[in-house]
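Trainee: what's the 3D shape of this:
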Amino acid sequence: MASIVKKNFNSPDETLNPGEKMKAEVIAVGDFKIQKVTAEAGWQWSKHIKPTAGTESCEKTHRIYVLSGKIASRTNDGEELEFGAGDTGVIPSGHDGWTVGEEPAVWLEIPQ
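Mentor: Modelled structure (predicted):
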């Protein structure tokens, strides 16, 4: 019989700092992972992660649920969309992303 599992982002299993102005707190629950990502005001993938990523755009697909703040994404073919608190969505590989406004953006993400 499976057990009930409880975890909390106050004690993440792992904290990642993929680039300046961003952190990701990761929780593993069995074979499932979820992360809480915080991007400070002024963060942009092409400015803060691209220099070390080695790709022209972000090549990860993101499944997100925004908790607070706003983020925007633009695909390589020019489609642009903004996400705010309560929004959920999928951002396909091949994009740039950035925070919108003067407050940090915080979202939950299910990594691939």
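Trainee: from now on I want contacts and neighbour counts done on CA atoms only, so please keep to that.
Mentor: Noted.
Trainee: which non-adjacent residue is nearest T99?
Mentor: I71 (4.3 Å; C-alpha to C-alpha, 6 or more residues apart in numbering).
Trainee: in this structure that neighbour contacts E103, no?
Mentor: No: assessed by C-alpha atoms under 8 Å, I71 is found out of contact with E103, at 10.2 Å.
Trainee: which of these two has more residues huddled nearby?
Mentor: I71 (24 against 14; other C-alpha atoms under 10 Å).
Trainee: per-residue pLDDT of I64, please?
Mentor: The per-residue pLDDT reported for I64 equals 97.
Trainee: pretty sure it sits in a strand.
Mentor: Yes: counting by DSSP: H, G, I helix; E, B strand; the rest coil, I64 is part of a strand.
Trainee: would you list every one of the helices in this structure?
Mentor: With DSSP state H, the ranges of helices along the chain come out as 45-48, 50-53.
Trainee: could you dump those to CSV with distance to S11?
Mentor: Output for the helices of the chain, formatted as CSV (distance: least, C-alpha to C-alpha, whole Å):
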stretch, distance to S11
helix 45-48, 26
helix 50-53, 28
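Trainee: quickly, which of these bottoms out on average pLDDT?
Mentor: Minimum mean pLDDT among the helices of the chain: helix 50-53, a mean of 92.
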